[in-house]
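**Q** Fold the following for me, if possible:
(one chain, ligands or ions: 1)
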Amino acid sequence: MGIVNVTPDSFSDGGQFLSAADGVEHARRLIAQGADILDIGGESTRPGAAPVSEFDEILRVVPLIEAVRRASDVPISVDTMKPAVARAAIKAGATIWNDVTALRFSPEAPEVAAELGCDVVLMHMLGEPGTMQDAPCYEDVVAEVEAFLLGRALTAMAAGVAREKIWLDPGIGFGKTLEHNLVLLAALPRFVALGYPILLGASRKRFIAGVDPSAHAASDRLGGSIAAHLAGAQAGVAAVRVHDVRETVQALDVLAAIRDRTA
Ligand code: PT1
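**A** All right, here's what the predicted structure looks like:
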């Protein structure tokens, strides 16, 4: 899954011109590099990011989804917590709702997901993007993330979302210390064993700098990102959400080639 951000800080001009054309060019590049899914988002949820209005978010993502839809038949997911944005995105051609709040943003979210009939990614986050990294605390991070995700899957199904439409995601970097992130990555086989497709997103995240303190800049974290996503692939995750599609696909292909020859 290749990441396409349409946020004002994601273009070199500083976001004065958030044209769908910039996004389409990026999307085409990721498809050419081997992305099987594009994840299009108009609101950053990384630690400390500012919220975006529903209106602005729709204005950012819908024209891009429509343009990518015209250019390619690659499956599109929309990275949003807002039901109205998901609704507009699905209408524009997306088929997956990637929700970092796991349908908790508003009371109607589970019903909207059921009504849309799309796939839904339910992600674990402790707290909210503005404050989630302040002092995250768990008794047993794996058990708590697992219980949360299973609970959200039950809520989604109770609202009418089909079991086959549900993906789960442990939410690397969302209200977790370095230790929490590493323990969750080590426990991926347990998440895979839950029987839902697992999405893993570790791309360029801060925990990598916890292991390699010289990796201050997100762009210095490619090696760590690939290591985390390969660990996910070994554990059997269904998809990895990445910026660096070409390098990740190459790493996954080499891993698969080795696996094919494993006695
Ligand atoms: C994710 C994810 C996402 N991550 C899903 N959607 C982001 N399903 C956005 C950091 O620590 O993992 N899964 N949508 C990006 N969020 C972050 C969080 C980016 C933490 C960076 C960090 O650096």
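**Q** helix/strand/coil for the residue in the stretch 1-150 of the chain positioned nearest to the ligand?
**A** Using CB to the nearest ligand atom, the closest approach of the stretch 1-150 of the chain to the ligand is made by residue 46 at 3.4 Å. All C-beta atoms are positioned from the backbone trio N, CA, C, and that covers glycine. When classified by DSSP: H, G, I helix; E, B strand; the rest coil, residue 46 comes out as coil.
**Q** Which of the three states applies to the residue nearest to it when sequence neighbours are not counted?
**A** What sits nearest to residue 46 in space, not counting adjacent residues and going by CB to CB, 6 or more residues apart in numbering, is residue 129, at 7.0 Å. Of the three states, residue 129 takes coil under three-state DSSP.
**Q** Now do the phi/psi pair for residue 129.
**A** Main-chain dihedrals, residue 129, degrees, to the nearest 10: phi -50, psi -40.
**Q** what's near enough to touch it?
**A** 44-49, 51, 174 (CB atoms under 8 Å, 6 or more residues apart in numbering).
**Q** So which residues on the chain come close to the ligand?
**A** Neighbours of the ligand within the chain, by CB under 6 Å from any ligand atom: 45-47, 79, 98, 100, 121, 123, 169, 171-174, 199, 201, 205-206, 241.
**Q** Quick one, which of the contacts of residue 129 are buried?
**A** 44-47, 174 (16 or more other CB atoms under 10 Å).
**Q** okay if I get these as JSON lines plus distance to residue 30 and pLDDT?
**A** Output for the buried ones among the contacts of residue 129, formatted as JSON lines (distance: CB to CB, whole Å; pLDDT from 0 to 100):
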{"residue": "44", "distance to residue 30": "18", "pLDDT": "92"}
{"residue": "45", "distance to residue 30": "20", "pLDDT": "91"}
{"residue": "46", "distance to residue 30": "19", "pLDDT": "88"}
{"residue": "47", "distance to residue 30": "24", "pLDDT": "89"}
{"residue": "174", "distance to residue 30": "23", "pLDDT": "97"}
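**Q** I'd assumed residue 202 was in contact with residue 182.
**A** No - under the criterion of CB atoms under 8 Å, residue 182 makes no contact with residue 202, lying 10.5 Å away.
**Q** Just want to know which of the two has more residues nearby.
**A** residue 202 (25 against 18; other CB atoms under 10 Å).
**Q** Next up, phi/psi of the more buried one, please.
**A** Torsion angles, degrees, to the nearest 10, at residue 202: phi -120, psi 0.
**Q** Tell me who's in contact with residue 52.
**A** Residue 52 neighbours (CB under 8 Å, 6+ apart): 7, 42-43, 60.
**Q** count of neighbours near residue 258?
**A** By other CB under 10 Å, the residues close to residue 258 number 9.
**Q** for residue 164, that is, sorry about that
**A** Neighbour tally, residue 164, other CB under 10 Å: 8.
**Q** Also residue 158?
**A** 11.
**Q** Apart from its chain neighbours, what residue comes closest to the closest residue to the ligand within the chain?
**A** Among the residues of the chain, residue 201 lies closest to the ligand, at 2.4 Å counting by CB to the nearest ligand atom. Using CB to CB, 6+ apart and skipping residues adjacent in sequence, the residue nearest residue 201 is residue 241, 3.8 Å away.
**Q** With residue 64 instead?
**A** Per CB to CB, 6+ apart, closest to residue 64 is residue 23, 4.1 Å.
**Q** thinking again about what came up before, give the contact list for the residue of the chain closest to the ligand.
**A** Contacts of residue 201 (CB under 8 Å, 6+ apart): 169, 171-173, 240-242.
**Q** now the strands for the stretch 151-263 of the chain?
**A** If DSSP state E, counting those that start in this stretch is used as the criterion, the strands of the stretch 151-263 of the chain fall at 166-169, 199-200, 239-240.
**Q** which strands and helices sit next to the longest one?
**A** Contact analysis of strand 166-169 by 3 or more CB pairs under 8 Å, 6 or more residues apart in numbering; DSSP states H and E lists strand 119-123, helix 141-158, strand 199-200 as its packing neighbours.
**Q** again, only using 6 Å
**A** strand 119-123, helix 141-158 (3 or more CB pairs under 6 Å, 6 or more residues apart in numbering; DSSP states H and E).
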